[in-house]
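J.: have a look; sequence and predicted model below, questions after that.
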Amino acid sequence: MLLDFERIWPSVPYILEGVQVTLAYTGVSLCLGFVWGMLLALFKVSHINFLRWFASFYTSVFRGTPLLLQLILIYFATPQLTGYTISIWEAGILTFTLNSGAYVSEHIRAGINGVDKGQREAALSLGVSYPLLMKDIILPQAIRLILPSLVNEGIDLLKESSLISVIGGADILRRANIVASEKYLYFEPLLIAGFLYYILVMILTGAALLLEKKLKTT
Amino acid sequence: MIFLEKIHKSFGTHEVLKGISGNIPQGEVVAIIGPSGSGKSTLLRSINLLEVPTSGKVYIDGVCINEGRIDIEKIRAKVGMVFQQFNLFPHMTTLENVIYAPLKVKKIPRKEAEMIGLNLLEKVGLKEKANTYPPHLSGGQKQRAAIARALAMEPEAILFDEPTSALDPEVVKEVLNVIKGLAHTGITMVIVTHEMGFAREVADRVWFLDEGCLVEDSPRQSFFASPQTKRAQEFLEKVL
């Protein structure tokens, strides 16, 4: 038998604990990234040239460089620049938030542009101010339009969060690696890690489908 | 109440409005008619600055609204608008559509706003649809809801931009009847319409536009009985 799961069986709970860690990185970064992405999207549709320029430059930088590079840079360069010793958790959350914000902002901008022009005119004709127009009329409809792409963003982030293992974050992948080097068995723990990621992604996908169906009926 | 002074509007090199001036006193009903592309809708949309004129002045209640520092939101709250495509907010119920602006712009307490909203919906025959979302309303119902929404701000004037053009023929009348019911209740109305019968019945004055010019500005009776200009005569011969 080439695969020997028996020997790593006692380590499975240890790997499973990584699910929490992976979900924590993903969940927190996704929420913060959504808020940041929304702000960037508002910059992108604003009338202020500087804000528009800043947001698109920002997006191009974070989409134009590898996420792993951003992560390592933030983790190792922050202490050098500021003297502040950044923890793995802080570096991970900061990087994933800044990065997903860039992607989310593009989705939201597309969503805002996808809302019928008449909605804006109707609200303006009622004397609604620009902030209220965005908050109550445009964004709720834009978010609804782009919900599927936001879920995809979440799925991407869930998988990309495994990069945290490179700087030592104890997520699913890192734990699988630790077990592997302890037992000199590589295939089995990594297979388990892969299986866990797959299950998580499938659950997210299923939830997204349900949500979409529900939105369609209301 | 509404006073326009030499309104010009160009889109790029295309001049849509070529210097239109006119006066609409409080409570008057004006129908704007004319061939497609004559600038009717652009003129109407200039009144609440959905289109900002390239030059010229728009006065509402004696205040020039397209010059200097003006609280345009306050002006717009006084001038309601009803659109060809209804433009109801699809993520709010009919009642929420109607009370949104009173709640958020006028900051009326919710209880009071809901009472006003339900009364208006009753007035346009939609009380039982208060909790329905717009996608589940028919075209005629949508437009009546949109009228209720405009009325909820208690505007001094309402602008109607081809309010029945997107409707099925059999529901045009129910919407026209609602609009008719508003005429001569003190509210100023400006209606861009292709419904000549309706203009003839409801309007006090008719503005006839052609190629961006206000060709004729006459009381309803004389316009339909004996239009002054050749272009208006030709137009009426075609449509009547």
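T.: Noted; the coordinates are in hand.
J.: and the nearest residue to B:Val63 once chain neighbours are set aside, how many neighbours?
T.: Nearest residue to B:Val63, sequence neighbours excluded (Cβ to Cβ, 6 or more residues apart in numbering or on different chains): B:Ile70, at 7.1 Å. (Glycine included, C-beta is placed from N, CA and C.) When counting by other Cβ atoms under 10 Å in any protein chain shown, one arrives at 14 neighbours for B:Ile70.
J.: please determine how far B:Ile70 is located from A:Gly111.
T.: As for B:Ile70, its distance to A:Gly111 is 31 Å (criterion: Cβ to Cβ, to the nearest Å).
J.: name the residues of chain A found near chain B, please.
T.: Selection of chain A residues close to chain B by Cβ under 8 Å from any Cβ of the partner chain yields A:116, A:118-119, A:121-129, A:132, A:136-137, A:140-141, A:144, A:218.
J.: go again using 7 Å as the cut-off
T.: Contact residues (Cβ under 7 Å from any Cβ of the partner chain) of chain A with chain B: A:118-119, A:121-122, A:124-129, A:132, A:136-137, A:140-141, A:218.
J.: what subset of those is buried?
T.: Neighbour counting with 16 or more other Cβ atoms under 10 Å in any protein chain shown marks A:119, A:121-122, A:124-128, A:132, A:136-137, A:140-141 as buried within the residues of chain A next to chain B.
J.: export the residues you listed as CSV, with columns for secondary structure.
T.: Conversion of these to CSV gives the following (DSSP: H, G, I helix; E, B strand; the rest coil):
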residue, secondary structure
A:Gln119, helix
A:Glu121, helix
A:Ala122, helix
A:Leu124, helix
A:Ser125, helix
A:Leu126, coil
A:Gly127, coil
A:Val128, coil
A:Leu132, helix
A:Asp136, helix
A:Ile137, helix
A:Pro140, helix
A:Gln141, helix
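J.: got the contact list for A:Thr205?
T.: A:Thr205 makes contacts with A:Ile155, as judged by Cβ atoms under 7 Å, 6 or more residues apart in numbering or on different chains.
J.: distance from the chain centre to the strand or helix carrying it, please.
T.: Using DSSP states H and E, the element containing A:Thr205 is helix A:187-217. On the basis of Cα atoms, centre = their mean, to the nearest Å, helix A:187-217 sits 15 Å off its chain's mean C-alpha point.
J.: ok, now stretch B:211-220?
T.: Relative to the mean C-alpha coordinate of its chain, stretch B:211-220 is positioned 17 Å out (Cα atoms, centre = their mean).
J.: give me the buried positions along that stretch.
T.: Applying a neighbour-count criterion of 16+ other Cβ under 10 Å, one finds B:Gly212, B:Cys213, B:Leu214, B:Val215, B:Glu216, B:Asp217, B:Ser218, B:Arg220 buried in stretch B:211-220.
J.: in strands, which of those appear?
T.: B:Cys213, B:Leu214, B:Val215, B:Glu216, B:Asp217, B:Ser218 (DSSP state E).
J.: nearest residue to residue 100 other than its sequence neighbours?
T.: All of this is about chain A. A:Gly33 (3.3 Å).
J.: my bad, the chain I had in mind was chain B
T.: B:Met92 (6.4 Å).
J.: where does that neighbour sit: helix, strand or coil?
T.: Assignment for B:Met92 (three-state DSSP): coil.
J.: what does A:Leu185 give?
T.: A:Leu185 - assigned by three-state DSSP - is coil.
J.: can you read off the pLDDT for it?
T.: Listed pLDDT for A:Leu185 reads 87.
J.: dihedrals phi and psi, it?
T.: phi -130, psi 120 (degrees, to the nearest 10).
J.: quick check: B:Leu17 is in a strand.
T.: Yes: counting by three-state DSSP, B:Leu17 falls inside a strand.
J.: verify the contact between A:Ile88 and A:Asp171 for me.
T.: No: when contacts are counted by Cβ atoms under 7 Å, A:Ile88 is not listed as touching A:Asp171 (10.0 Å).
J.: remind me which residues of the chain are low pLDDT?
T.: Because you didn't say which chain, this covers chain A. Within chain A, the segments meeting pLDDT under 70 span A:1, A:217-218.
J.: the helices in it, which residues?
T.: Using DSSP state H, the helices of chain A run over residues A:5-8, A:12-44, A:49-64, A:67-82, A:88-114, A:117-125, A:130-132, A:139-160, A:172-183, A:187-217.
J.: out of these, which is closest to B:Tyr59?
T.: Among those, the nearest to B:Tyr59 by Cβ to Cβ is helix A:117-125 (18.1 Å).
J.: tell me which residue in chain A sits closest to chain B.
T.: When scored by Cβ to the nearest Cβ, chain A has A:Gly127 as its residue closest to chain B, at 3.0 Å.
J.: hmm, that residue is touching B:Val105, no?
T.: Yes: A:Gly127 lies in contact with B:Val105 (Cβ under 7 Å); the separation is 4.7 Å.
J.: before we move on, the earlier item: more neighbours, A:Ile88 and A:Asp171?
T.: A count of neighbours by other Cβ under 10 Å puts A:Asp171 above the other of A:Ile88 and A:Asp171, at 27 against 17.
J.: chain B against chain A: which residues are in contact?
T.: Neighbours of chain A within chain B, by Cβ under 7 Å from any Cβ: B:48, B:50, B:73-74, B:76-77, B:80-81, B:83, B:85, B:87, B:89-91, B:101, B:104-105, B:133, B:153.
J.: can I have the buried ones of those as a ChimeraX selection?
T.: This is how ChimeraX selects the buried members of the residues of chain B next to chain A, with burial counted by 16+ other Cβ under 10 Å:
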select /B:48,50,76,77,80,81,83,85,87,89,90,91,101,104,105,133,153
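J.: of the residues of chain B next to chain A, which belong to helices?
T.: B:Glu73, B:Lys74, B:Arg76, B:Ala77, B:Ala101, B:Lys104.
J.: quick check: closest non-adjacent residue to the fifth one.
T.: What that stands for is B:Ala101. A:Leu126 (3.9 Å).
J.: for that neighbour, phi and psi?
T.: The phi/psi pair for A:Leu126 (degrees, to the nearest 10) is phi -90, psi 0.
J.: distance check, it against B:Gly140.
T.: 21 Å.
J.: hang on, the earlier thing: which residues do A:Gly127 and B:Val105 both contact?
T.: Joint contacts of A:Gly127 and B:Val105 (Cβ under 7 Å, 6+ apart) are B:Ala77.
J.: closest point of chain B to chain A, which residue?
T.: Of all residues in chain B, the one sitting closest to chain A is B:Ala77 (3.0 Å; Cβ to the nearest Cβ).
J.: list the contacts of the closest residue in space to that residue that isn't next to it in sequence.
T.: Ranked by Cβ to Cβ, 6+ apart and with sequence neighbours excluded, the top spatial neighbour of B:Ala77 is A:Gly127, at 3.0 Å. With contact taken as Cβ under 7 Å, 6+ apart, A:Gly127 is in contact with B:Glu73, B:Lys74, B:Arg76, B:Ala77, B:Ala101, B:Val105, B:Met153.
J.: good, wrapping up.
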